[in-house]
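Participant: make a model of this:
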Amino acid sequence: MEKLTNKEEEVMQVLWQLKKAFVKEILADMPGKKLHYNTVSTIVRKLEDKGFIAHEAFGNTHRYYPAIEKEAYSSYFMNEASHRFFDDSYKNMVSFFAKKEKISARELREILEIIEKK
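Facilitator: Next comes the predicted model:
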């Protein structure tokens, strides 16, 4: 699996949320500055070439759906981040966020509860 570009990830976020959508529906749900229809269509075709999405045909138009689950991509991305930036240590990753005050003591306790329940 490969890392997606920011725009590809934005399209995937929309498609994961919608489950199935035509390009115009993806475009309507895109956050921030609206892209041109052709731009979104090109991104969708690239995502399909990469194996991230698939389609079902309705005449000359296609409805797209994710071929990769959001959790599978998230897991891949987090494993890559852990490897590249934290020496494959989730402890180092969590402590990084704690030092940057991006995670609270309450959230850390919740994480510990999840770990202990496993």
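
Participant: tell me the buried residues in the lowest-mean-pLDDT helix or strand in the chain?
Facilitator: Here the helix or strand of the chain ranked lowest by mean pLDDT, DSSP states H and E is helix 90-99, holding a mean of 85. For helix 90-99, burial by neighbour count (16 or more other CB atoms under 10 Å) applies to 93-94. From N, CA and C alone the C-beta is placed, and that goes for glycine too.

Participant: immediately after that helix, which helix or strand?
Facilitator: helix 105-117 (DSSP states H and E).

Participant: so that next one versus helix 90-99, what angle?
Facilitator: For helix 105-117 against helix 90-99, the angle by axes from the mean of the first three to the mean of the last three CA atoms, to 10 degrees is 160 degrees.

Participant: for the record, mean pLDDT for helix 105-117?
Facilitator: Helix 105-117 shows a mean pLDDT of 88.

Participant: what's next to that helix, contact-wise?
Facilitator: Helix 105-117 is contacted by residues 94, 98 when judged by CB atoms under 8 Å, 6 or more residues apart in numbering.

Participant: how far off centre is it?
Facilitator: 24 Å (CA atoms, centre = their mean, to the nearest Å).

Participant: got the CA positions of it in CSV?
Facilitator: The C-alpha coordinates for helix 105-117 follow below in CSV (Å, rounded to 0.1, in the frame of the first residue of the first chain):
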residue,chain,number,x,y,z
ALA,A,105,-3.8,12.7,31.4
ARG,A,106,-7.5,11.7,31.2
GLU,A,107,-7.0,10.5,27.6
LEU,A,108,-3.9,8.5,28.7
ARG,A,109,-5.9,6.9,31.5
GLU,A,110,-8.5,5.9,28.9
ILE,A,111,-5.8,4.4,26.7
LEU,A,112,-4.5,2.4,29.7
GLU,A,113,-8.0,1.1,30.4
ILE,A,114,-8.3,0.0,26.8
ILE,A,115,-5.0,-1.8,27.0
GLU,A,116,-5.8,-3.5,30.3
LYS,A,117,-9.2,-4.7,28.9
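
Participant: other SSEs contacting the least confident helix or strand of the chain?
Facilitator: Judged by 3 or more CB pairs under 8 Å, 6 or more residues apart in numbering; DSSP states H and E, the packing partners of helix 90-99 are helix 70-86, helix 105-117.
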